[in-house]
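In: could you work out the structure for the sequence below:
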Amino acid sequence: MIYPKIALAQSIIEILSAKGIVNIIISPGSRNAPLTIGFAQNPNFKCYSIADERCAAFFALGIAQQTKQPTAVACTSGSALLNYYPAFAEAFYSQIPLIVISADRPQSKIDIGDGQTIRQQNVFLNHSVFNANLTEEASEENDLKINKAIETSILQKGPVHINAPFEEPLYETTDELSIQPIITNFISDNSPKAIENSEEFVSIWNKAKRKLVLVGVNEANTIDKEIIANLASDPSIVVLTETTSNLHHPNFINSIDTLITPFDDSDFEAFNPEVLITFGGMVVSKRIKAFLRKYKPEHHWHIDSLRAYDTFGALTQHFEMKPNDFFKDLLSKTSFAESDYFESIDSVYKERLEKRKEYLKEIAFSDFKVFEKVIESLPKNSQLQISNSSAIRYAQLIDIDESIEVFCNRGTSGIDGSTSTAIGAAVGNSKQNVFITGDISFLYDSNALWNAYIPKNFKIILVNNGGGGIFRILPGHQEKPVFNTYFETSHHLTAEHLAKMYHCNYFTANDLESLNKGIKSLYETNDAPTILEVFTPTNENDVILKQYFKNLN
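Out: A predicted model of the protein is given here:
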C-alpha cells in the first residue's frame with residue numbers, strides 16, 4: 001500500500017482507520033496532499049472529492065446525520081478551513097459527529113506574511129467539543145490527541161477539530177509505515193439509566209392535572225410504541241410534535257401553530273401546563289416558544305443525555321439520559337391523573353383541522369397549496385429533507401405520512417448548506433430522498449450540485465416565490481424598495497440553466513394542473529437527479545397564509 005512519507009499524516013490516517021471512520025470528504029488543495037494521498041490509497045476509506053469547502057462540510061454533515069457515525073472532512077490551509085464553519089456550528093447544535101482535519105503551515109510560518117496562512121489553532125473553539133492542535137513531528141502526545149478527538153466526537157455527538165502542520169515536500173510517498181501510532185480503547189456506556197431521586201418527580205407527575213410534552217428535532221423509532229401509547233392515553237397529557245419530531249400518534253398534535261395561533265389570553269391560561277417535558281433538538285414554532293416564555297410552567301424537565309437549553313426561562317431539571325429510558329422508568333411508577341386537559345385541547349384541535357381542510361380546498365395556487373400537494377405526493381418510506389425559513393414553516397402545517405423520516409438543519413436554522421446536507425444524506429442512506437427548498441436557500445447553496453456523487457433518483461422540489469417569502473410573513477413587513485431589495489431579496493432567477501449545467505432533469509409548474517403533471521414526471525424520471533421548480537405568486541402567498549390563521553377562529 002502507498003503511504004504519505006510525512007509521519008504525522010500516517011498517524012492521522014492509521015488512527016482514523018483503527019477507530020472505524022469510513023467516510024472521508026476531501027476538499028482539494030496542496031497543503032493537505034499527505035492526507036489526500038493516504039486516505040485515497042487506503043481501501044478502508046470511502047473518499048469523496050468536493051471542491052467547495054462549505055458544500056463539502058455540509059455534505060459530510062448529511063452523511064453523518066444518516067450513518068450516526070463520525071464523518072471526516074479534510075482541507076488545505078488558510079481560508080479553506082473557515083468555509084467549514086457553518087456546517088461545524090450546525091453539527092454542534094444538532095449533535096452530529098463531524099471530524100474536521102485541517103492541514104496547516106508549521107507555526108514558524110504563521111503571522112510572518114506567508115501565503116495561505118491564518119491562525120488555525122482553536123479557530124472553532126466556541127463550537128467544538130474538542131480541539132487537537134498537533135505539532136509537526138509524529139509523537140505519542142499527537143497520537144493521544146487524535147484518539148481523544150475521535151472518541152469525543154462519538155461520545156459527545158459533536159464536531160471536533162484536528163489541526164495538523166505539514167512542511168514541504170508534501171507529495172512524497174513510501175511503501176511502508178514509518179510509525180506505529182498508539183490506538184486507545186474506549187467504552188461507550190449505552191446501558192439504560194434510571195431516574196435519580198425518582199420519588200420526588202413521580203409525586204409531581206401524579207399530582208399534575210396538566211402535563212405538556214413538547215418534542216423538537218428527534219430521530220425516528222427512538223421511543224417505544226408502549227411509551228407512545230401510554231402518553232397518548234393519559235387524559236392529563238397533551239403531546240405536541242413537529243414535522244422534524246418523527247413521532248406519530250393520532251392523539252398527538254402535530255401542527256402546533258394551527259392549534260395555538262388563534263388563542264387569546266384565557267385560552268393560553270387554560271392551556272398553561274403545570275409540568276412541561278421537552279426532548280429532542282430545536283423547536284421550529286415561534287408561537288409555542290412565545291407562549292411558554294409568557295406562561296411559564298411550574299416545572300420544566302428536559303431530557304437529553306448531553307445538554308439542556310433553558311429555552312423558555314423555566315428549566316427546573318435536566319435529566320441526563322435518553323428520553324426512552326426516562327419515560328420507561330417514570331411511567332412504570334406513575335398513574336393516570338383525572339383530568340380534562342387532553343380532551344379539551346383535542347376538541348379544539350379537531351375543529352381547527354376541519355377548518356384547515358376546508359380552507360385548503362378553496363385557496364388559490366400559492367406556497368401553501370403547493371406544500372399541501374407536494375407533501376401528499378411523497379413516496380411512502382422515503383426520506384424528506386427540508387430547507388429552512390419558509391419551507392420548514394409551511395411543512396409544519398401539513399400532515400406527513402408516518403413512514404417518512406424528516407430532517408432539517410435546525411441546529412442553527414440557517415439556509416446555507418441545506419442542499420448539500422440533503423445530498424450527503426442521500427449518499428448516506430439508500431432510501432428515496434426528496435428535498436424541498438425555497439428559492440433563496442437553493443440559490444445560496446447552488447454549488448451543492450457541483451458534486452459527482454448525487455444519486456440518480458435524488459429529487460429536488462424548488463418552490464420559487466421570487467424572494468425571501470419568510471420576511472413577508474413576519475410582523476412589520478411593508479412593500480417598499482428597502483424591503484424588496486434588502487430583506488426579501490427580490491429576483492427573477494430560475495434553476496433552469498443550473499439544471500442544464502449540472503446535467504439534472506428539469507420540470508416546471510405554475511398552476512395546479514402543471515404541478516400535478518410535474519410531480520408525476522419528477523417521480524417517474526430516475527436517469528439523473530431531477531429538479532421540479534414550482535413558481536408561486538410573490539404578492540399573494542403571505543396574504544393566503546395570514547388569512548388561514550384568521551379563519552381558524
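In: what about A270, neighbour count?
Out: For A270, the tally of surrounding residues (other Cβ atoms under 10 Å) stands at 13. Every C-beta, even on glycine, is put in place using the N, C-alpha and C of the backbone.
In: got any ranges where this protein has weak pLDDT?
Out: Low-confidence segments of the chain, defined by pLDDT under 70: 467-489.
In: so what are the domain limits for it?
Out: Segmentation of the chain into domains, based on automatic domain parsing, reads 3-170, 198-347, 363-551.
In: where exactly do the strands run in the stretch 101-250 of the chain?
Out: 130-133, 159-165, 173-174, 211-215, 237-240 (DSSP state E, counting those that start in this stretch).
In: out of those, which gets nearest to V100?
Out: V100 lies closest to strand 159-165 among those, at 4.9 Å (Cβ to Cβ).
In: before we move on, the earlier item: so which of the strands of the stretch 101-250 of the chain is the most surrounded?
Out: Of all the strands of the stretch 101-250 of the chain, strand 159-165 carries the top mean neighbour count, a mean of 27, counting by mean count of other Cβ atoms under 10 Å.
In: what packs against that strand?
Out: helix 7-18, helix 85-94, strand 98-104, strand 130-133, helix 140-155 (3 or more Cβ pairs under 8 Å, 6 or more residues apart in numbering; DSSP states H and E).
In: just the C-alphas of that strand, formatted as PDB.
Out: The C-alpha trace of strand 159-165 is given here as PDB (Å, rounded to 0.1, in the frame of the first residue of the first chain):
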ATOM      1  CA  PRO A 159     -17.800  18.300  15.900                       C
ATOM      2  CA  VAL A 160     -14.000  18.200  16.600                       C
ATOM      3  CA  HIS A 161     -11.100  19.900  15.000                       C
ATOM      4  CA  ILE A 162      -7.700  18.300  14.300                       C
ATOM      5  CA  ASN A 163      -5.100  20.800  13.100                       C
ATOM      6  CA  ALA A 164      -2.000  19.200  11.500                       C
ATOM      7  CA  PRO A 165       1.000  21.300  10.400                       C
END
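In: can you check what angle separates it from helix 140-155?
Out: Orientation note: strand 159-165 sits at an angle of 160 degrees relative to helix 140-155 (axes from the mean of the first three to the mean of the last three Cα atoms, to 10 degrees).
In: and strand 159-165, how far out from the chain's middle?
Out: 23 Å (Cα atoms, centre = their mean, to the nearest Å).
In: please apply the same query to stretch 58-65.
Out: For stretch 58-65, the distance to the chain centre is 9 Å (Cα atoms, centre = their mean).
In: let's have the domains of the chain in CSV, adding distance to I179.
Out: Output for the domains of the chain, formatted as CSV (distance: least, Cβ to Cβ, whole Å):
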stretch, distance to I179
domain 3-170, 5
domain 198-347, 34
domain 363-551, 31
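In: quick one, which of those domains gets closest to P181.
Out: The closest of these to P181 is domain 3-170. By Cβ to Cβ, the value is 4.3 Å.
In: what about the closest one, how long is it end to end?
Out: One end of domain 3-170 to the other measures 12 Å (Cα to Cα, to the nearest Å).
In: tell me where the stretch 251-400 of the chain has helices.
Out: In the stretch 251-400 of the chain, helices defined by DSSP state H, counting those that start in this stretch lie at 256-260, 265-271, 286-294, 323-333, 341-362, 367-377, 390-395, listed in chain order.
In: packing partners of the last one?
Out: Helix 390-395 makes packing contacts with helix 367-377, strand 433-438, helix 470-473 when contacts are defined by 3+ Cβ pairs under 8 Å, 6+ apart.
In: reformat these as CSV; add mean neighbour count and distance to H248.
Out: Listed next are these as CSV, based on neighbours: other Cβ atoms under 10 Å; distance: least, Cβ to Cβ, whole Å:
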stretch, mean neighbour count, distance to H248
helix 367-377, 20, 14
strand 433-438, 27, 18
helix 470-473, 20, 27
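In: of those, which is nearest F45?
Out: Closest of the helices and strands packed on helix 390-395 to F45 is strand 433-438, at 23.2 Å (criterion: Cβ to Cβ).
In: just checking, what packs against that closest one?
Out: Identification of packing neighbours for strand 433-438 by 3+ Cβ pairs under 8 Å, 6+ apart yields strand 383-386, helix 390-395, helix 418-428, strand 459-464.
In: how far away from the center of its chain is the next helix or strand after it?
Out: Going down the chain from strand 433-438, the next helix or strand is helix 439-444, by DSSP states H and E. Relative to the chain's own centre, helix 439-444 is displaced by 17 Å; criterion: Cα atoms, centre = their mean.
In: stretch 282-296 now?
Out: Centre-to-centre, stretch 282-296 and its host chain are 20 Å apart (Cα atoms, centre = their mean).
In: just the CA coordinates for it, please, in PDB.
Out: Provided in PDB are the C-alpha atoms of stretch 282-296 (Å, rounded to 0.1, in the frame of the first residue of the first chain):
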ATOM      1  CA  MET A 282     -34.500  22.800  18.400                       C
ATOM      2  CA  VAL A 283     -38.200  23.700  18.200                       C
ATOM      3  CA  VAL A 284     -39.400  25.500  15.000                       C
ATOM      4  CA  SER A 285     -42.600  27.100  16.200                       C
ATOM      5  CA  LYS A 286     -42.000  30.600  17.400                       C
ATOM      6  CA  ARG A 287     -45.600  30.700  18.800                       C
ATOM      7  CA  ILE A 288     -45.100  27.900  21.200                       C
ATOM      8  CA  LYS A 289     -41.800  29.400  22.400                       C
ATOM      9  CA  ALA A 290     -43.500  32.800  23.000                       C
ATOM     10  CA  PHE A 291     -46.400  31.100  24.800                       C
ATOM     11  CA  LEU A 292     -44.200  29.100  27.200                       C
ATOM     12  CA  ARG A 293     -42.000  32.100  27.900                       C
ATOM     13  CA  LYS A 294     -45.000  34.200  28.900                       C
ATOM     14  CA  TYR A 295     -47.000  31.500  30.600                       C
ATOM     15  CA  LYS A 296     -44.200  29.600  32.400                       C
END
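In: residues in contact with that stretch?
Out: Outside of stretch 282-296, the residues within contact range by Cβ atoms under 8 Å, 6 or more residues apart in numbering are 93-94, 214, 216-217, 240, 242-244, 256-257, 260-261, 263, 268-269, 271-272, 276, 311-314, 392-393, 396, 408, 410-411, 413.
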